[in-house]
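S.K.: Show me the folded form of this:
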Amino acid sequence: MATRLSVNINKIATLRNSRGGNNPDVLKVAADCERFGAEGITVHPRPDERHIRYADVYALNEIVTTEFNIEGNPLEDKFMHLVLDVKPAQVTLVPDDPGQLTSNHGWDTINQLDYLSDTIAIFKQAGIRVSIFVDPVPELVAAAAATGTDRIELYTEAYAAHYHTDRHEAIKNYVRAANVAYNNGMGINAGHDLDLHNLQFFAQSIPQLLEVSIGHALISDALYYGLENTIQMYRRKLQTHG
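M.R.: Below you'll find the predicted structure:
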């Protein structure tokens with residue numbers, strides 16, 4: 001089975017917010033992404049609402065027909081309330097700071113085990129599938145299993161940064177981490193800096209991969225190739241793994 005593509009539309013909201021108004025229309029873009037073949041829509045609202053706004057999340061929940069994935073830091077009460085109100089298909093817990101430009105590390109699942117376990121239990125009791133952002137470290141992945149999470153999302157910046165130097169070396173830690181996750185009964189997602197160049201090899205190397213969430217690279221590629229064509233290009237990279 002091909003890995004599912006979830007399109008992160010944060011960059012669309014950033015463009016809209018830069019001029020005010022509603023151009024581009026985040027809701028229309030989300031619907032079009034689905035129409036063009038995306039199998040999920042991802043958003044990552046931050047406390048300052050510099051891209052996706054909390055109101056966007058509620059509005060998107062009314063129109064998204066594929067899997068809706070909300071990313072964010074559960075340390076923010078506002079985020080917890082949002083997710084529990086919306087009840088998306090999946091919540092992805094990311095340990096980013098409020099003013100952070102972009103996510104840059106996974107959870108310390110060993111030292112934050114109790115906190116993560118308690119938080120994940122709240123979401124799962126509400127019927128929401130939980131994924132947690134994790135670095136490709138086997139010990140951290142093994143500890144993630146003890147939190148009760150349904151899935152992990154492998155943080156792929158290190159892979160992307162070293163892909164063009166030595167892709168076989170770049171993927172090693174991810175294969176090890178994925179095997180630990182799979183053997184502990186967790187599903188495997190991945191995201192951050194995956195693009196048309198490095199995506200296919202990543203998916204081929206990790207056959208257990210269920211889902212990738214891609215935003216910045218995909219939206220950037222769409223400037224050249226068009227949104228519909230770009231989504232199909234990414235899906236083809238995923239359909240050819242295995």
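S.K.: who does the helix or strand hosting Gln232 touch, helix- and strand-wise?
M.R.: Using DSSP states H and E, Gln232 maps to helix 227-239. Applying 3 or more C-beta pairs under 8 Å, 6 or more residues apart in numbering; DSSP states H and E, we find helix 227-239 packed against strand 4-8, helix 26-35, helix 199-205, helix 216-225. (C-beta placed from N, C-alpha, C; glycine too.)
S.K.: Not counting sequence-adjacent ones, nearest residue to the spatially most central residue of the chain?
M.R.: When C-alpha atoms, centre = their mean is applied to the chain, the residue found nearest the centroid is Ser213 (3.9 Å). Nearest non-adjacent residue to Ser213, counting by C-beta to C-beta, 6 or more residues apart in numbering: Gly191, 4.0 Å away.
S.K.: quick one, strands of the protein?
M.R.: Assigned by DSSP state E, the chain shows strands spanning 4-8, 40-43, 67-72, 90-93, 129-134, 151-155, 187-191, 209-214.
S.K.: got the angle between the third one and strand 129-134?
M.R.: For strand 67-72 against strand 129-134, the angle by axes from the mean of the first three to the mean of the last three C-alpha atoms, to 10 degrees is 40 degrees.
S.K.: Pull up the pairing partners for strand 67-72, direction included.
M.R.: Within its sheet, strand 67-72 is paired with strand 40-43 (parallel), strand 90-93 (parallel), according to DSSP bridges.
S.K.: which residues does Asn184 contact?
M.R.: Taking C-beta atoms under 8 Å, 6 or more residues apart in numbering as the criterion, Asn184 is in contact with Val141, Ala142, Ala144, Ala145.
S.K.: what about 10 Å?
M.R.: By C-beta atoms under 10 Å, 6 or more residues apart in numbering, the contact list for Asn184 reads Val141, Ala142, Ala143, Ala144, Ala145, Ala146, Ile152.
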